[in-house]
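Asks: I'll drop the sequence and a predicted model, then ask my questions.
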Amino acid sequence: MTEFDADEFYTTEKGQLSYLTMPKKPKFLEKVVQPAKPSTSFFIFMKEKRQEVLQKTPGLKVTEIMKVVAELWSKIDNDEKMKFDKLAIKDRERYDK
């Protein structure tokens, strides 16, 4: 068996001795940073209209706000939806890069 110097060991948080040449990587270094997923046309519409709904009807719950925004989405014509579709396509291109 090989003899080790006391300097080659360190104490972990639990008070155990570990060998210095083989420390574990911190978990935050193991994660790979990825870009945010692309938004759909509805989510882009929702981000734009949510503040307007909150200003008109303060005090609504989140679920109620979503219902109002969903109704607005269903009532707009296809030309307006195409505007949001184009923004969603641009966001998808950003994500694919």
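Replies: Received it, and whenever you're ready, just let me know what you need.
Asks: that's a helix at residue 84, yeah?
Replies: Yes: looking at residue 84 with DSSP: H, G, I helix; E, B strand; the rest coil, it is inside a helix.
Asks: how many neighbours does it have?
Replies: Close neighbours of residue 84, defined as other C-beta atoms under 10 Å, add up to 20. In this view, the C-beta of every residue, glycine as well, is placed from N, C-alpha and C.
Asks: just residue 75 next, same as before
Replies: 8.
Asks: relative to residue 55, how far out is it?
Replies: Shown here: residue 75 relative to residue 55, a distance of 19 Å by C-beta to C-beta, to the nearest Å.
Asks: ramachandran angles for residue 77?
Replies: With angles defined as degrees, to the nearest 10, residue 77 sits at phi -80, psi 170.
Asks: run through who's touching the helix or strand encompassing residue 54.
Replies: Using DSSP states H and E, residue 54 maps to helix 41-56. The contact list for helix 41-56, computed with C-beta atoms under 8 Å, 6 or more residues apart in numbering, reads 39, 60, 65-66, 68-69, 72-73, 76, 81, 84-85, 87-88, 91.
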